[in-house]
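**Q** Sequence below, structure please.
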Amino acid sequence: RSLAWSDLNGLLEQAGAPAPRQIAIPKPATVRGRSCVCIWATWRPPSLDLVPFQSLTDEEVTRVLPILASRARATTATVQGFRAPQTGIVEQVSADWHHFVVGRRGVGKSMLLLTVAERTRAQNRPLAYIDIETLRDNPYPDVLIRLLMELVTALDENLDRVSGMKARRSAKKARRGLRGLRKRLDTLLTDPQEAVHNLTRSTKRTRGRRAQAGVKAGAASHGVGASADVGADRTATDERTDEKQAQFTRTKLEGLRAETIEFRAALELALAATGNRGAIVILDDFYFIRREDQPDVLSYLHSVVKNLGIWLKIGAVEHRLNEFEDGDPPKGLQFTQDAGRVAMDVTLAHFDHTRDFLEGILSDICSLADIDMEKLVTEGARTRLLVASGGVPRDYLNLVQASLAKATQRKGEPNRLQNKINAEDVTLSLPDFFAQRENDLLVDAGPEDVDRLRKRFADVLDFCLNLRNENVFLVEARHLREETWGRDIAALSDLRFFH
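**A** Prediction:
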């Protein structure tokens with residue numbers, strides 16, 4: 001069969017040839033007036049005559065693309081399609097303890113937390129789910145006040161579902177406490193961050209003395225005498241008022257801390273009215289709280305919910321998490337002592353597991369769209385999608401979408417079928433994919449880190465590609481923790497610039 005040299009690899013890939021391919025190509029010879037070569041390869045191809053090449057129809061493409069787009073994002077509508085990266089992780093995070101769920105952006109933290117939320121609702125337990133990104137413009141401690149308001153609302157709504165005369169009486173009393181708590185939180189939220197108060201102390205002093213006065217009068221007429229004494233007591237009073245004035249400054253945070261005991265009492269009463277089943281508070285994308293404020297937020301929340309059966313589930317990108325600061329007293333939640341750490345990352349270090357996990361997600365989507373995965377993507381494209389995504393499910397699905405768009409735009413050829421993703425389609429999609437990731441860096445990294453991380457990334461690229469001509473580099477693990485440049489590399493890995 002006649003084919004262009006540029007199409008050779010595509011044909012071999014469609015035929016299922018494993019890589020690397022060892023091919024011997026001698027000089028062309030003239031056979032029957034045509035320039036021909038005999039190609040010898042180290043693999044035995046399947047019978048190409050028995051299995052025709054197949055790809056998706058246009059109608060199948062229109063079915064699968066919307067599902068790919070929706071599954072790339074965590075929503076309540078897509079949570080039923082969650083595929084756990086490891087056995088038992090949902091049950092682990094649902095347990096009665098505080099948990100940090102950490103991992104790279106797009107690895108599935110929000111999907112896991114939404115699944116835990118659905119499980120909590122099914123158990124009829126109070127649940128407060130807060131997306132911290134929606135509160136990112138709130139200064140501290142306003143963000144903390146709003147978190148408490150969400151918890152109060154969740155408990156109040158759960159009280160509506162209690163049954164039984166005695167339980168409803170308890171719920172009525174608990175609701176009064178929660179609504180009083182909500183009013184105090186509303187007041188705190190509208191207070192200025194810092195207020196100057198003037199205090200005046202008045203002391204009144206009274207000094208008195210007693211005096212007696214009398215009038216005596218007498219008269220006689222016609223041999224009749226009469227007399228009278230008129231007397232009165234009189235008290236003289238001297239009053240003096242002393243005033244002392246003082247001025248002090250009180251912050252909103254100090255006002256919030258002064259209410260801690262009352263907050264705990266109201267929450268405890270509400271939990272008892274709901275049957276003491278405990279409550280779950282999910283804080284997704286916690287890293288949108290300023291890094292320096294995170295230990296204070298966690299310390300206060302822990303002081304309010306400790307021993308009440310209210311459990312915190314916190315999702316975050318690890319390099320932007322500041323969960324604990326040692327000191328006197330320490331602040332925050334400490335891993336293993338106060339909370340568990342659940343890592344969501346699946347990486348190329350466990351290549352086979354990561355491949356099975358990502359292709360399992362894609363297989364689920366193909367089943368939902370009622371299409372054959374073999375008609376969607378070639379074997380060579382599967383490997384390239386896996387490596388390019390670094391094991392991040394959102395990146396993997398976004399790359400499948402972009403690569404399928406490339407495959408739909410070309411004219412079909414026997415070895416480069418229309419509507420079927422091949423390795424070249426993945427490669428052509430990567431520049432736009434990477435440009436979008438650079439644009440997302442401002443949101444993902446924070447404005448204070450963007451310029452430094454971009455420079456660090458450029459330095460590593462220069463070292464690897466220009467100086468060493470390699471795409472793999474080695475870093476001692478301790479440097480990722482102890483050195484500024486090492487922490488930058490760890491951050492770029494969390495942000496999917498390195499895998």
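
**Q** Quick check on the one residue sitting closest to the centre of the chain: phi, psi?
**A** In the chain, the centroid-proximal residue (C-alpha atoms, centre = their mean) is Asp285; its distance is 1.8 Å. Main-chain torsions, Asp285, degrees, to the nearest 10: phi 50, psi 50.

**Q** Ile280 too?
**A** Torsion angles, degrees, to the nearest 10, at Ile280: phi -120, psi 130.

**Q** show me the contacts for the residue nearest to the centre of the chain.
**A** Asp285 makes contacts with Ser110, Asp131, Ile132, Glu133, Gly315, Ala316, as judged by C-beta atoms under 8 Å, 6 or more residues apart in numbering. C-beta: built from backbone N, CA, C; applies to glycine.

**Q** From Ala491, how far out is it?
**A** 16 Å (C-beta to C-beta, to the nearest Å).

**Q** ok, now Arg136?
**A** Distance from Arg136 to Ala491, by C-beta to C-beta: 19 Å.

**Q** Start from the N-terminal end of the stretch 151-300 of the chain and give the strands.
**A** 194-221, 224-251, 279-284 (DSSP state E, counting those that start in this stretch).

**Q** Count the neighbours of Glu318 for me.
**A** 19 (other C-beta atoms under 10 Å).

**Q** same question, Asp459
**A** 13.

**Q** for the protein, longest helix please?
**A** helix 165-190 (DSSP state H).

**Q** Summarise which helices and strands that one is packed against.
**A** Using 3 or more C-beta pairs under 8 Å, 6 or more residues apart in numbering; DSSP states H and E, the elements in contact with helix 165-190 are helix 142-159, helix 252-258, helix 260-273.

**Q** Which of those sits closest to Val472?
**A** helix 142-159 (41.2 Å; C-beta to C-beta).

**Q** CA atoms of the closest one as CSV?
**A** Output in CSV follows, covering the C-alpha atoms of helix 142-159 (Å, rounded to 0.1, in the frame of the first residue of the first chain):
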residue,chain,number,x,y,z
ASP,A,142,-15.1,38.5,59.0
VAL,A,143,-14.4,35.3,57.1
LEU,A,144,-14.5,33.5,60.5
ILE,A,145,-17.8,35.1,61.5
ARG,A,146,-19.4,34.1,58.2
LEU,A,147,-18.2,30.5,58.7
LEU,A,148,-19.9,30.5,62.1
MET,A,149,-23.1,31.9,60.5
GLU,A,150,-23.1,29.0,58.0
LEU,A,151,-22.8,26.5,60.8
VAL,A,152,-25.7,28.2,62.8
THR,A,153,-27.9,28.1,59.6
ALA,A,154,-27.1,24.4,59.1
LEU,A,155,-28.0,23.5,62.6
ASP,A,156,-31.2,25.6,62.5
GLU,A,157,-32.4,23.9,59.3
ASN,A,158,-31.7,20.5,60.8
LEU,A,159,-33.9,21.3,63.8
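
**Q** Identify the residues contacting Leu495.
**A** Arg104, Arg105, Val317, Arg437, Leu441, Asp444, Ala445, Leu453.

**Q** Where does the fourth one fall, secondary structure wise?
**A** Right, the one you point to is Arg437. Using DSSP states H and E, Arg437 maps to helix 423-445.

**Q** Mean confidence (pLDDT) on that helix, please.
**A** The average pLDDT for helix 423-445 rounds to 88.

**Q** before we move on, what about stretch 397-413?
**A** Per-residue scores along stretch 397-413 average to 93.

**Q** Give me the residues contacting it.
**A** 7, 55, 58, 61, 64-65, 68-69, 71-72, 361-362, 365, 376-377, 381, 385, 388-389, 416-422, 425-426, 428-430, 432-433.

**Q** Just those residues: which are in helices?
**A** 58, 61, 64-65, 68-69, 71, 361-362, 365, 376, 381, 385, 388-389, 425-426, 428-430, 432-433.

**Q** ok, of the residues you listed, which come out buried?
**A** 61, 64-65, 68, 71, 361-362, 365, 376, 381, 385, 388-389, 425-426, 429, 433 (16 or more other C-beta atoms under 10 Å).

**Q** out of Arg136 and Ala491, which sits in the busier spot?
**A** Taking other C-beta under 10 Å, Arg136 and Ala491 do not tie; Ala491 has more neighbours (24 against 14).

**Q** Quick check, the more buried one in contact with Leu453.
**A** Yes: the pair Ala491 / Leu453 is scored as a contact, 6.1 Å apart, by C-beta atoms under 8 Å.

**Q** overlap in contacts of the two?
**A** Joint contacts of Ala491 and Leu453 (C-beta under 8 Å, 6+ apart) are Ala445.

**Q** Just give me the closest of the contacts of Leu495 to Val162.
**A** Val317 (38.6 Å).

**Q** how close does that closest one sit to Glu133?
**A** Distance from Val317 to Glu133, by C-beta to C-beta: 12 Å.

**Q** These two: who's more crowded?
**A** Set side by side, Val317 and Glu133 show more neighbours around Val317, with 20 against 13, by other C-beta under 10 Å.

**Q** Please tell me I have it right and that one contacts Val101.
**A** No: shown here, Val317 and Val101 do not form a contact pair, counting by C-beta under 8 Å, at 10.6 Å.

**Q** and stretch 117-132, how far apart are its ends?
**A** Its first and final residues considered, stretch 117-132 spans 16 Å by C-alpha to C-alpha, to the nearest Å.

**Q** Revised request: answer the last question for stretch 126-141.
**A** 24 Å.

**Q** One more: stretch 117-129?
**A** 7 Å.

**Q** check contacts around the nearest residue to Asp449 once chain neighbours are set aside.
**A** Leaving aside its sequence neighbours, Asp449 sits nearest to Ala491 (C-beta to C-beta, 6 or more residues apart in numbering; 7.2 Å). The neighbours of Ala491, taking C-beta under 8 Å, 6+ apart as the test, are His319, Arg320, Ala445, Asp449, Leu453.

**Q** in the helix or strand encompassing Ala491, what counts as buried?
**A** If you go by DSSP H and E, Ala491 is part of helix 484-494. Neighbour-count burial for helix 484-494, counted by 16+ other C-beta under 10 Å, picks out Gly486, Asp488, Ile489, Ala490, Ala491, Leu492, Ser493, Asp494.

**Q** swap in stretch 277-293?
**A** Buried residues in stretch 277-293 (16+ other C-beta under 10 Å): 278-290.

**Q** quick one: which of the residues you listed is nearest to Arg179?
**A** Ala279 (17.5 Å).

**Q** follow-up on the earlier one: let me have the contacts of Asp285 in CSV, adding secondary structure and pLDDT as columns.
**A** What follows is those, written out as CSV (DSSP: H, G, I helix; E, B strand; the rest coil; pLDDT from 0 to 100):
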residue, secondary structure, pLDDT
Ser110, helix, 96
Asp131, strand, 94
Ile132, helix, 94
Glu133, helix, 91
Gly315, strand, 97
Ala316, strand, 95
